[in-house]
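Asker: how does the following fold in three dimensions:
(one chain, ligands or ions: 1)
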Amino acid sequence: MNLLVTGGAGFIGSHFCNTIAPAAKKLVILDKLTYAANLNYLDCRNLLVAGDICDRALVRKILYTHEIDTIVHFAAESHVDRSIQSAEAFVQTNIVGTQVLIDEFKDYNSNESTFKRFIHVSTDEVYGVAKKGTSFTELTPYAPNSPYAASKAASDLMVRSYYKTHNFPAIITHCSNNFGPHQADEKLIPTVIRSIVNNECIPVYGSGKQIRDWISVHDHCTALASVLYRGRVGETYNIGGDNEVSNIDLVHRLCDYYDEFTDTSGSRKLVRHVPDRLGHDIRYSIDSTKIIKELGWKPRRLFDRELKNTLEYYSKKYAP
Ligand code: NAD
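Answerer: Residues are numbered from 1 along each chain as shown. Model (predicted):
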């Protein structure tokens, strides 16, 4: 593979690059280096291009210079709260940027017959709310509720249309909430641990009863690798960790683990319920049967052990 990874200096992208690098003949990372990126996360940084996926000339130049045959597309604005404050950057990067990328890859590829892949890394949030007792399958209709989810849904549909119209070699994945090292400070788990470590209030939106399915970022990366190697072009794969937990339960677990580690008590008292996020989805739930049956992937990391490792990582990072 001559592999291009967009957004490779961000949370999931950096883990993916570090995992996949030995298998790639060439690995080029294209990243705008926003607040969410950190070059220190990368073991391999020799082919980093600091730039924007919306920059058509740059994308074209990278494809031709490095003879790219595979793209794994992570680059995105990814924080729901920011998309509620202003959706502009989300439309620009997530929708327009994706369209520029697939446009250029389509044209660059048009006369080639070699193995080519475009993996579009998307989210379970495009499906909206999972009613009690149901889980999202690949056939669940889209019903995105946040501007972030809507921008990801729009980009999914562009990618899908290129497959249908141009036979573009795309595969789309929808993953649930990732956790692990390298996540931006503003996300839930880093925020909770930073608050505990610094003895500050832990903000919890509304009742905290919103349910999310959590997956270790390492399991997400192995799922993406199996999609890359064995996934069928034109298909969609849902990826979940099979760990449905309410936000408040997650916060309590982190508090209890922290108290256990430090031989203290009382972290739970730091919890403060704050006004709920606008349009907050009450439940996400992923059915990963297709990728498990078809590609033989399954999540291998034990949730509580990974959560403890994650707690240890951010406790050190945020230690006062
Ligand atoms: P992140 O915000 O940590 O990283 C995004 C990366 O993209 C950053 O390095 C940033 O600099 C880069 N970027 C942003 N705009 C860019 C642009 N215009 N051009 C080039 N690079 C740009 O995000 P993440 O959590 O690692 O998510 C990566 C992808 O996975 C996203 O597409 C997201 O929608 C998807 N996803 C995330 C989760 C999750 O739980 N974090 C779950 C499912 C899917």
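Asker: His198 touches Tyr314, doesn't it?
Answerer: Quick fix: residue 198 is Asn, not His. No. Asn198 lies out of contact with Tyr314 (CB atoms under 8 Å); the separation is 11.3 Å. All C-beta spots, glycine's among them, are computed from the backbone N, C-alpha and C.
Asker: more neighbours: which of those two?
Answerer: Set Asn198 next to Tyr314 and count neighbours by other CB atoms under 10 Å: Tyr314 wins out with 22 against 11.
Asker: got the contact list for the more buried one?
Answerer: 181, 189-190, 193-194, 197 (CB atoms under 8 Å, 6 or more residues apart in numbering).
Asker: break down the chain into its helices, ranges please.
Answerer: Applying DSSP state H to the chain gives helices spanning 11-20, 56-65, 80-85, 88-90, 98-109, 147-166, 188-197, 217-230, 247-262, 289-295, 303-318.
Asker: okay, these in JSON lines with mean pLDDT and distance to the ligand next?
Answerer: Shown next, in JSON lines, are the helices of the chain (pLDDT from 0 to 100; distance: least, CB to the nearest ligand atom, whole Å):
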{"stretch": "helix 11-20", "mean pLDDT": "96", "distance to the ligand": "3"}
{"stretch": "helix 56-65", "mean pLDDT": "96", "distance to the ligand": "10"}
{"stretch": "helix 80-85", "mean pLDDT": "98", "distance to the ligand": "10"}
{"stretch": "helix 88-90", "mean pLDDT": "98", "distance to the ligand": "8"}
{"stretch": "helix 98-109", "mean pLDDT": "93", "distance to the ligand": "9"}
{"stretch": "helix 147-166", "mean pLDDT": "98", "distance to the ligand": "5"}
{"stretch": "helix 188-197", "mean pLDDT": "98", "distance to the ligand": "10"}
{"stretch": "helix 217-230", "mean pLDDT": "97", "distance to the ligand": "7"}
{"stretch": "helix 247-262", "mean pLDDT": "98", "distance to the ligand": "13"}
{"stretch": "helix 289-295", "mean pLDDT": "98", "distance to the ligand": "14"}
{"stretch": "helix 303-318", "mean pLDDT": "98", "distance to the ligand": "13"}
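Asker: which of those is buried the deepest?
Answerer: helix 11-20 (a mean of 23; mean count of other CB atoms under 10 Å).
Asker: for it, name the packing helices and strands.
Answerer: If contacts are counted by 3 or more CB pairs under 8 Å, 6 or more residues apart in numbering; DSSP states H and E, helix 11-20 sits against strand 2-6, strand 26-31, helix 217-230.
Asker: that one: how far from the chain's middle?
Answerer: In terms of CA atoms, centre = their mean, to the nearest Å, the centre of helix 11-20 is set 11 Å apart from its chain centre.
Asker: mind saving the C-alpha coords of it as PDB?
Answerer: Taking C-alpha atoms only, helix 11-20 is exported to PDB below (Å, rounded to 0.1, in the frame of the first residue of the first chain):
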ATOM      1  CA  PHE A  11      -7.000  10.900  18.400                       C
ATOM      2  CA  ILE A  12      -8.000   7.800  16.400                       C
ATOM      3  CA  GLY A  13      -5.800   8.700  13.300                       C
ATOM      4  CA  SER A  14      -2.600   8.700  15.300                       C
ATOM      5  CA  HIS A  15      -3.300   5.300  16.800                       C
ATOM      6  CA  PHE A  16      -4.200   4.000  13.400                       C
ATOM      7  CA  CYS A  17      -1.000   5.300  11.800                       C
ATOM      8  CA  ASN A  18       1.100   3.900  14.600                       C
ATOM      9  CA  THR A  19      -0.500   0.500  14.200                       C
ATOM     10  CA  ILE A  20      -0.600   0.300  10.400                       C
END
